[in-house]
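# Quick one: sequence and predicted model below, then my questions.
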Amino acid sequence: MLSESERLKYQVARELGLLDKLLQVGWAGLSTAESGRIGGLVGARRRQNRKE
């Protein structure tokens, strides 16, 4: 079972159209830019959730 944090990362990857690639090559197979985009959006959502 995935943690809340892992679920959020996969959800963002799906929204960015990176989920298929992620499932094929794993997290290490993503480019720095792709990982950064996922991390940036995850961080923004966490900050937004804390404000609410």
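Sure, I can see it. Numbers count the residues shown, from 1 in each chain.
# which helix in the chain runs the most residues?
helix 32-51 (DSSP state H).
# Using PDB, write out the CA atom coordinates for that helix.
Provided in PDB are the C-alpha atoms of helix 32-51 (Å, rounded to 0.1, in the frame of the first residue of the first chain):
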ATOM      1  CA  THR A  32      16.100  15.800 -13.900                       C
ATOM      2  CA  ALA A  33      13.600  18.200 -15.400                       C
ATOM      3  CA  GLU A  34      10.800  15.600 -15.200                       C
ATOM      4  CA  SER A  35      11.600  14.800 -11.600                       C
ATOM      5  CA  GLY A  36      11.800  18.600 -10.800                       C
ATOM      6  CA  ARG A  37       8.400  19.300 -12.300                       C
ATOM      7  CA  ILE A  38       6.900  16.500 -10.200                       C
ATOM      8  CA  GLY A  39       8.600  17.600  -7.000                       C
ATOM      9  CA  GLY A  40       7.700  21.200  -7.600                       C
ATOM     10  CA  LEU A  41       4.000  20.400  -8.000                       C
ATOM     11  CA  VAL A  42       4.000  18.100  -5.000                       C
ATOM     12  CA  GLY A  43       5.600  20.800  -2.900                       C
ATOM     13  CA  ALA A  44       3.100  23.400  -4.000                       C
ATOM     14  CA  ARG A  45       0.200  21.100  -3.200                       C
ATOM     15  CA  ARG A  46       1.500  20.300   0.200                       C
ATOM     16  CA  ARG A  47       1.900  24.100   0.900                       C
ATOM     17  CA  GLN A  48      -1.600  24.700  -0.400                       C
ATOM     18  CA  ASN A  49      -3.000  21.900   1.800                       C
ATOM     19  CA  ARG A  50      -1.300  23.400   4.900                       C
ATOM     20  CA  LYS A  51      -2.900  26.700   4.300                       C
END
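# so what secondary structure elements neighbour that helix?
helix 4-15 (3 or more Cβ pairs under 8 Å, 6 or more residues apart in numbering; DSSP states H and E). C-beta: built from backbone N, CA, C; applies to glycine.
# how about the helix it packs on: buried residues?
Neighbour counts over helix 4-15 (16 or more other Cβ atoms under 10 Å) mark 8-10, 12-13 as buried.
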